[in-house]
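**Student:** my questions concern the predicted model and sequence given below.
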Amino acid sequence: MAEITASMVAKLRAKTDAPMMECKKALTEANGDLTRAEELLRVKLGTKADKVAARVTAEGIVATYIDAATQVGALVELNCETDFVAKNDDFLAFAKTVAELVVAQKPADVAALLALPLMDKTVDEVRRTLIGKLGESLTIRRFVCYPSTHKLAAYLHGTRIGVLVEYEGANEQVGKDLAMHIAAMKPITLSADAVPAELIATERKIAAEKASESGKPAEIVARMVEGSVQKYLKEVSLLDQPFVKDDKQTIGQMLKAAQASVKRFTIYVAGEGIEKHQGDFAAEVAAQVAAAQSV
C-alpha cells in the first residue's frame with residue numbers, strides 16, 4: 001500500500017477542490033495514483049450531485065458583469081438550498097465566473113452555458129464538483145446577455161437583487177440611477193402598453209371584486225375598476241413610476257430632462273417564484289438520528 005502524504009492530498013485537492021478527507025480516501029483507494037484518485041473523486045462527487053439534484057434550491061445569488069470594451073453585459077441567477085451556502089466565497093466566485101463567461105461566449109440558453117469549457121472541464125462539471133464540496137444542490141437558473149450598441153449599467157443590491165439596463169444618453173449617472181430605481185421599485189415592463197394582458201385581466205378581476213363590495217351603482221363600480229387598473233399600470237411600468245430620487249417627477253420625465261431613453265432592462269430577484277420547502281427541522285433531525293441508530 002502506497003504511503004499517502006500530505007503533499008499528495010494537497011495536490012489532489014488543488015486539482016479537484018474536493019474536501020481534504022475525500023481526497024485522502026480517494027488516494028488510498030487508488031493506492032496513491034493521482035490520476036486514478038481524480039477519476040474516483042469525479043465519480044463520487046458526480047454521484048453526490050445526482051443525489052442532491054432534486055432538492056429545492058430556493059436560495060441563491062445574482063451576479064452581473066459588463067465588458068466595457070465590447071459593450072456586452074450579463075445578469076445571471078444561481079440557486080442553492082441555504083442562505084449559508086449563498087454566502088460561500090467559492091459559490092460567489094463561481095457566479096462571477098459564470099457571468100463573465102456569458103459575456104464572452106454569449107450562449108443561447110442554460111444548457112449551452114453548462115456545456116461551455118471552464119478550467120479544463122465544462123461549466124456543469126465545475127458546478128457538480130462544487131456540489132460535492134459544499135454538499136448542496138446548486139443550479140444555474142437563468143441568465144440574460146445584452147450585446148449593446150448603446151450604453152449599459154448594472155446594479156446589485158447585496159447579492160439577491162440584480163439589474164441590467166440598456167439606455168441611451170450622455171450622462172452615465174442616468175444609467176446608474178435607472179438601475180438602482182429598478183432594483184427598488186421592481187417594474188414589470190418599460191411602458192404601460194407592454195404589460196401582459198393576463199396580468200391586466202387578473203388585476204381587473206380583483207378590482208371588480210373589491211368594487212362590487214362597495215354597494216355603489218354599476219356605472220360607479222365600472223369607473224372604480226378602471227381607476228384601479230390604471231393605477232396598477234402606472235405602478236408596474238418603469239416610465240410611469242415616480243423616480244425614487246425625486247418623486248415629484250416620473251422616470252419618463254427624468255429621462256426627457258436628461259435627454260436620455262431606456263431601451264430595455266432585466267431584474268432578477270434570487271429565488272423569486274420558487275416555492276421553499278416548509279419542513280419541521282427538529283422532526284427531520286430526529287428522524288435522521290433514529291434512522292442512524294437503527295442501522
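**Tutor:** Here it is on my side, so go on. Note that the structure is a prediction, hence the values are computed from the model and not measured.
**Student:** and residue 266, how close does it get to residue 153?
**Tutor:** Taken as Cβ to Cβ, to the nearest Å, the spacing of residue 266 relative to residue 153 amounts to 12 Å. Where you see a C-beta, it was placed from the backbone N, CA and C, and this is true even at glycine.
**Student:** of the two, which one has the most company?
**Tutor:** Set side by side, residue 266 and residue 153 give different neighbour counts by other Cβ atoms under 10 Å, the larger being at residue 153 (23 against 20).
**Student:** now do the helices in this structure.
**Tutor:** Counting by DSSP state H, residue ranges of the helices within the chain are 6-16, 20-29, 34-52, 83-86, 89-105, 110-114, 123-134, 172-185, 197-212, 218-236, 251-257, 281-294.
**Student:** include mean neighbour count, mean pLDDT and distance to residue 140 when you put those into CSV, please.
**Tutor:** Output for the helices of the chain, formatted as CSV (neighbours: other Cβ atoms under 10 Å; pLDDT from 0 to 100; distance: least, Cβ to Cβ, whole Å):
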stretch, mean neighbour count, mean pLDDT, distance to residue 140
helix 6-16, 15, 78, 20
helix 20-29, 18, 85, 24
helix 34-52, 17, 66, 13
helix 83-86, 17, 89, 14
helix 89-105, 18, 97, 6
helix 110-114, 16, 96, 6
helix 123-134, 21, 92, 7
helix 172-185, 19, 95, 21
helix 197-212, 14, 87, 27
helix 218-236, 15, 89, 28
helix 251-257, 17, 96, 31
helix 281-294, 9, 53, 27
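**Student:** any chance of the ones you listed in TSV, plus distance to residue 69?
**Tutor:** Below are these laid out as TSV (distance: least, Cβ to Cβ, whole Å):
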stretch	distance to residue 69
helix 6-16	32
helix 20-29	39
helix 34-52	36
helix 83-86	31
helix 89-105	10
helix 110-114	22
helix 123-134	23
helix 172-185	16
helix 197-212	38
helix 218-236	35
helix 251-257	26
helix 281-294	48
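**Student:** residue 74 is nearest to which of those helices?
**Tutor:** Across those, the minimum distance to residue 74, taken as Cβ to Cβ, is reached by helix 89-105, at 3.9 Å.
**Student:** which ones are touching residue 97?
**Tutor:** residue 118 (Cβ atoms under 8 Å, 6 or more residues apart in numbering).
**Student:** run the last query once more with 6 Å
**Tutor:** Counting by Cβ atoms under 6 Å, 6 or more residues apart in numbering, residue 97 makes contact with nothing.
**Student:** among the helices of the chain, which comes closest to residue 65?
**Tutor:** Comparing these against residue 65 with Cβ to Cβ, the closest turns out to be helix 89-105 (3.9 Å).
**Student:** how's this protein carved up into domains?
**Tutor:** The record's domain split for the chain, according to automatic domain parsing, is 6-52, 59-147.
**Student:** now do the residue nearest to residue 119 when sequence neighbours are not counted against residue 196, distance only.
**Tutor:** Excluding the flanking residues, the one nearest residue 119 by Cβ to Cβ, 6 or more residues apart in numbering is residue 126, at 6.2 Å. Applying Cβ to Cβ, one obtains 36 Å for the distance of residue 126 from residue 196.
**Student:** do residue 180 as well
**Tutor:** Distance check for residue 180 against residue 196: by Cβ to Cβ, it reads 25 Å.
**Student:** how about residue 75?
**Tutor:** Separation of residue 75 from residue 196 (Cβ to Cβ): 21 Å.
**Student:** circling back: now tabulate the domains of the chain in TSV and tack on distance to residue 253.
**Tutor:** Putting those into TSV (distance: least, Cβ to Cβ, whole Å) gives the following:
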stretch	distance to residue 253
domain 6-52	50
domain 59-147	25
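**Student:** partner residues bridging residue 267?
**Tutor:** Following DSSP bridges, residue 267 is listed with bridge partners residue 163.
**Student:** from what I can see it touches residue 182, true?
**Tutor:** Yes: using Cβ atoms under 6 Å, residue 267 and residue 182 qualify as a contacting pair, with a distance of 5.4 Å.
**Student:** mutual contacts of these two, please.
**Tutor:** Each of residue 163 lies in contact with both residue 267 and residue 182 under the rule Cβ under 6 Å, 6+ apart.
**Student:** once you drop chain neighbours, what's closest to residue 187?
**Tutor:** Take residue 187 and drop its neighbours on the chain: the residue closest to it by Cβ to Cβ, 6+ apart is residue 238, 4.0 Å away.
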